[in-house]
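S.K.: attaching a predicted model along with its sequence, questions to come.
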Amino acid sequence: MSQNLAQQYDAIPFPGLPVARSQPDYLETIARLRGMQPEAAARARVLELGCAVGQNLLPLADRYPQARFLGIDQSARQIEIAQAAAREAALDNVEFRRQDILEIDSQLGPFDYIIAHAVYSWVDAPVRDKLLAVCRDHLAPQGIAYVSYKTYPGWAIHDMFRAMMLYDARTAATSAEKLSRARMFLEFLDASLTEDHAYDALVHRELAVLARQSDGYLWHDHLEAFSHPVYFPEFVQHAKTYQLQPAGDAVLGIRLRDDLGDEIERQLDAIITDDVEKELCRDVVLNRTIRQTLLCHEAVSIARSVTPERLSGLYLESSLQPARAEIDLCSTAVEQFSNRGGTRVSTPVPLAKAALVHLGEAWPDYVRLENLLAAACARLEAAGFPAPIPTDEIERLENNLAQCAAGQVIDLHSDRPSFLPRASDAPVAGPLVRVQARRGEVVANRRHEAVRLEMFDRNLIELLDGTRDLPKLADELAVAASEGRLTVSKDLERLQNYDDAKHAIGIALPEALNRLARLALLVA
């Protein structure tokens, strides 16, 4: 990797956030559904190439104390930031190493999971080759590598933005000036659109995405030296030269491909027989800009379909809630459920309705498949359905659950949650989350998601080390309010008196802790 590129990351660090689809629990689950036998996430060896400031690895090290993590990046400044955060959170199972990817040799050792997020399309050809060589040489026999990259044809419009911004800022003397001129050009372009034409609507939609990006993202995605989008078949062929094969796509989850609908898929079958070329056509239809491909060794046998039997031993999670407050489980009337993301699913099947109700009531906890099947049967029998539940109905439920997982209405996990679904008497937040809250940063929860917290929740999390019960928490927060370090309001009036603040905090505290539990921020 060029020294100049490293200097760019020193000057403008890549901001980084936890990448949910790169976490070992998710990769382990997908591998198991593909018929592989991966190492358990809780004791895995994980390598991240291009780890930036560690925002992806640090939460994983906090979550899995028995696992080992190594992050490599050429930017000295980014590595120093990551190392400082690891020290402050007392995480001794993660190492951040300043190293050029090209310098990696056989001494690095094997890894169960390798992560390369926002690297492949952001570096020159020798580094792209080395990245895949590292996956080939250092991935465990049943390991999974996560590699994200820019994809054509969707990225073509971003190529246009990049070319225009670079040209307009060609005389800029500093990176700050270049960023400023780039944003001014994007604002000019956006203001010039009328949306009277399909082209205008497309450009406006993509510009809205750029407008929300930080300077770090805008710089490294669009303005730095290298940008190398590829067509999906090109990436697959490149991986094949290093004896690697796709084991799926992180965004698609348990599905191996996008589905454009029965009629479109029939037309696609009529004109193209190769599966990889078909996926390129789907990229065209969907205007995909980024891919997150999962790779494994070419010698591994990959199951091309996910059967309900492969869900055995997995944990299921869903926030689904019925549209009606009270439903008749024994009826065959169609009932509608929706999750926290707004996704809806309908079913007339009594046993399926019982299972979805149970999942929703358990959320944010996970339920092991075998326990869910038993609980659904028990609920149905308690509602008056004749016992025992027929075996074919249970098999039908397993198929329904597999379909819900394929549609990402239900999430699958290889292990029970590493967070507490309900607040304890002396609540605890992990050491890294307390550090992140103290710094005023976005915090990473135990689902490996970025969570932006209000001031009250940040102040509360800092105190959650397991030594304080609710009265003690209310007392310390009230002291902070009386000293002006925390703002507590009632009816738009700031409460600065200790007694008034403590009374208001005491009322708000249980719901605040429940909120943190739902956000997967509390641990045992």
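M.R.: Here it is on my side, so go on.

S.K.: which parts of the stretch 201-350 of the chain are helices?
M.R.: Ranges of helices within the stretch 201-350 of the chain are 215-218, 232-240, 262-271, 275-286, 350-362, based on DSSP state H, counting those that start in this stretch.

S.K.: quick one: mean pLDDT for the helix or strand that the last one is followed by?
M.R.: Looking back up the chat, that one is helix 350-362. Going down the chain from helix 350-362, the next helix or strand is strand 367-368, by DSSP states H and E. For strand 367-368, mean pLDDT is 98.

S.K.: same question, stretch 83-91
M.R.: 96.

S.K.: CA atoms only: put that stretch into CSV for me.
M.R.: Provided in CSV are the C-alpha atoms of stretch 83-91 (Å, rounded to 0.1, in the frame of the first residue of the first chain):
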residue,chain,number,x,y,z
GLN,A,83,-4.8,1.1,20.9
ALA,A,84,-5.8,3.9,23.3
ALA,A,85,-9.4,2.9,23.2
ALA,A,86,-8.4,-0.8,24.0
ARG,A,87,-6.3,0.3,26.9
GLU,A,88,-9.0,2.6,28.3
ALA,A,89,-11.6,-0.3,28.2
ALA,A,90,-9.0,-2.8,29.6
LEU,A,91,-9.4,-5.1,26.6
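
S.K.: gap between it and the chain center?
M.R.: 22 Å (C-alpha atoms, centre = their mean, to the nearest Å).

S.K.: for stretch 508-524, same thing?
M.R.: 20 Å.

S.K.: OK, contacts around the closest residue to Ala125 other than its chain neighbours?
M.R.: Leaving aside its sequence neighbours, Ala125 sits nearest to His228 (C-beta to C-beta, 6 or more residues apart in numbering; 7.9 Å). Heads up, the C-betas are built off the backbone N, CA and C, glycines and all. By C-beta atoms under 8 Å, 6 or more residues apart in numbering, His228 lies in contact with Tyr120, Ser121, Trp122, Val123, Asp124, Ala125, Arg128, Tyr149, Lys150.

S.K.: show me those residues that map onto strands.
M.R.: Tyr149, Lys150 (DSSP state E).

S.K.: from the contacts of His228, pick the one nearest Glu393.
M.R.: Of all the contacts of His228, Glu393 sits closest to Tyr149, with 44.4 Å by C-beta to C-beta.

S.K.: what stretches of the chain score poorly on pLDDT?
M.R.: Along the chain, segments meeting pLDDT under 70 span 1-11.

S.K.: Pro65 and Lys353, how far apart?
M.R.: Separation of Pro65 from Lys353 (C-beta to C-beta, to the nearest Å) stands at 40 Å.

S.K.: neighbour-wise, which of these two wins?
M.R.: The neighbour comparison of Pro65 against Lys353 (other C-beta atoms under 10 Å) goes to Lys353, with 27 against 11.

S.K.: specify the beta-bridge partners of the closest residue to Val367 other than its chain neighbours.
M.R.: Using C-beta to C-beta, 6+ apart and skipping the chain neighbours, the partner closest in space to Val367 is Leu316 (5.4 Å). Beta-bridge pairing of Leu316 under DSSP bridges involves Val367, Leu412.

S.K.: Leu316 against Ile410, yeah?
M.R.: Yes: between Leu316 and Ile410 there is a contact under C-beta atoms under 8 Å: 5.3 Å.

S.K.: sorry, back to before: packed most tightly, which of the helices of the stretch 201-350 of the chain would that be?
M.R.: Using mean count of other C-beta atoms under 10 Å, the stretch among the helices of the stretch 201-350 of the chain with the largest mean neighbour count is helix 350-362, at a mean of 23.

S.K.: ok, which of the helices of the stretch 201-350 of the chain comes nearest Pro431?
M.R.: Smallest distance to Pro431 across those (C-beta to C-beta): 25.5 Å, for helix 215-218.

S.K.: for the stretch 351-500 of the chain, what spans make up the strands?
M.R.: 367-368, 411-413, 443-444, 450-451, 489-490, 493-494 (DSSP state E, counting those that start in this stretch).

S.K.: same for the longest one, what does it pack against?
M.R.: In other words, strand 411-413. Secondary-structure packing of strand 411-413 (3 or more C-beta pairs under 8 Å, 6 or more residues apart in numbering; DSSP states H and E): helix 24-33, strand 315-317.

S.K.: packing partners of the longest one?
M.R.: What that stands for is helix 24-33. strand 111-116, strand 139-150, strand 244-249, strand 290-297, strand 411-413.

S.K.: can you redo those as JSON lines with mean neighbour count and distance to Leu17?
M.R.: Shown next, in JSON lines, are the helices and strands packed on helix 24-33 (neighbours: other C-beta atoms under 10 Å; distance: least, C-beta to C-beta, whole Å):
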{"stretch": "strand 111-116", "mean neighbour count": "26", "distance to Leu17": "13"}
{"stretch": "strand 139-150", "mean neighbour count": "22", "distance to Leu17": "13"}
{"stretch": "strand 244-249", "mean neighbour count": "21", "distance to Leu17": "20"}
{"stretch": "strand 290-297", "mean neighbour count": "22", "distance to Leu17": "14"}
{"stretch": "strand 411-413", "mean neighbour count": "21", "distance to Leu17": "19"}
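
S.K.: export those to TSV and tack on distance to Glu177?
M.R.: Formatted as TSV, these follow (distance: least, C-beta to C-beta, whole Å):
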stretch	distance to Glu177
strand 111-116	31
strand 139-150	26
strand 244-249	39
strand 290-297	28
strand 411-413	45
